[in-house]
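Novice: sequence plus the predicted model coming up.
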Amino acid sequence: MNRRDQTAPSLDEMMAACQVATRTQPTGWELAFTKAALTGVIPPVDRHRAFIDRARKVLGRVSYKDWAIEEVSASIADRHYAFRVRFDAIDHATDEFSVQRGRPWLLTPEMTDAEIVRTALLAILTAEEHEARESFLFDGQPIFAPHFDLPS
């Protein structure tokens, strides 16, 4: 019989072979990792942990001026990673030099590295636009100020 005539064993057959080989029935994480090893499918928790690690590495390669990218939250259970930009600038409310932070930006596991980098650029551009709107004056007045409240 050649290889083409043979069918691949089912997952149950492979699990049974593992049980015979180890004389134990895998349970919990051991079961998940055994199935992952046999099927090539990574368990969801590990896939999300890998995404968070990947997001941190990709964002760690981004640089702009003397700004930093800081982690806001990382949740394996909720499948997300959020970051924001941080930089030192004049606070237009107090006229004092202080740490400024942009809004949080959400990343999801489905994003490619290129999409993560483009999101970092968008975070920087948005923060720069915010600063420009605060500094832009017409007849000495900030007519495009970024701070406003919506009417109730």
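Specialist: Cool, got the structure.
Novice: now the helices for this structure?
Specialist: Shown for the chain, the helices assigned by DSSP state H span residues 11-22, 28-39, 44-60, 113-135.
Novice: weakest of those helices in terms of mean pLDDT?
Specialist: In terms of average pLDDT, helix 28-39 trails the rest of the helices of the chain, at a mean of 53.
Novice: got the domain boundaries for the chain?
Specialist: In the assignment given by automatic domain parsing, the structural domains of the chain cover 3-39, 45-135.
Novice: just send those back as JSON lines, with distance to Ile143 and mean neighbour count too.
Specialist: To be clear about C-beta, it is placed using only N, CA and C from the backbone, and glycine gets the same treatment. Below are the domains of the chain laid out as JSON lines (distance: least, CB to CB, whole Å; neighbours: other CB atoms under 10 Å):
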{"stretch": "domain 3-39", "distance to Ile143": "58", "mean neighbour count": "11"}
{"stretch": "domain 45-135", "distance to Ile143": "9", "mean neighbour count": "15"}
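Novice: of these, which approaches Pro146 most closely?
Specialist: domain 45-135 (4.3 Å; CB to CB).
Novice: that closest one spans what distance, first to last residue?
Specialist: This stretch, domain 45-135, spans 45 Å end to end (CA to CA, to the nearest Å).
Novice: what about that domain, distance to the chain center?
Specialist: How far domain 45-135 lies from its chain's middle: 10 Å, per CA atoms, centre = their mean, to the nearest Å.
Novice: so which of the domains of the chain is nearest Gln141?
Specialist: Short answer: domain 45-135, nearest of these by CB to CB, at 12.1 Å.
Novice: before we move on, back to that, can you lay out the domains of the chain as CSV showing distance to Phe148?
Specialist: Listed next are those as CSV, based on distance: least, CB to CB, whole Å:
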stretch, distance to Phe148
domain 3-39, 50
domain 45-135, 10
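Novice: which one of the ones you listed lies nearest to Asp149?
Specialist: Using CB to CB, the nearest of the domains of the chain to Asp149 is domain 45-135, at 14.4 Å.
Novice: next up, the contacts around Arg47.
Specialist: If you count contacts by CB atoms under 8 Å, 6 or more residues apart in numbering, Arg47 has them with Pro109.
Novice: for this protein, which strand is longest?
Specialist: strand 80-91 (DSSP state E).
Novice: which residues does it contact?
Specialist: By CB under 8 Å, 6+ apart, strand 80-91 touches 51-52, 55-56, 59, 64-75, 96-108, 120, 123-124, 127, 131.
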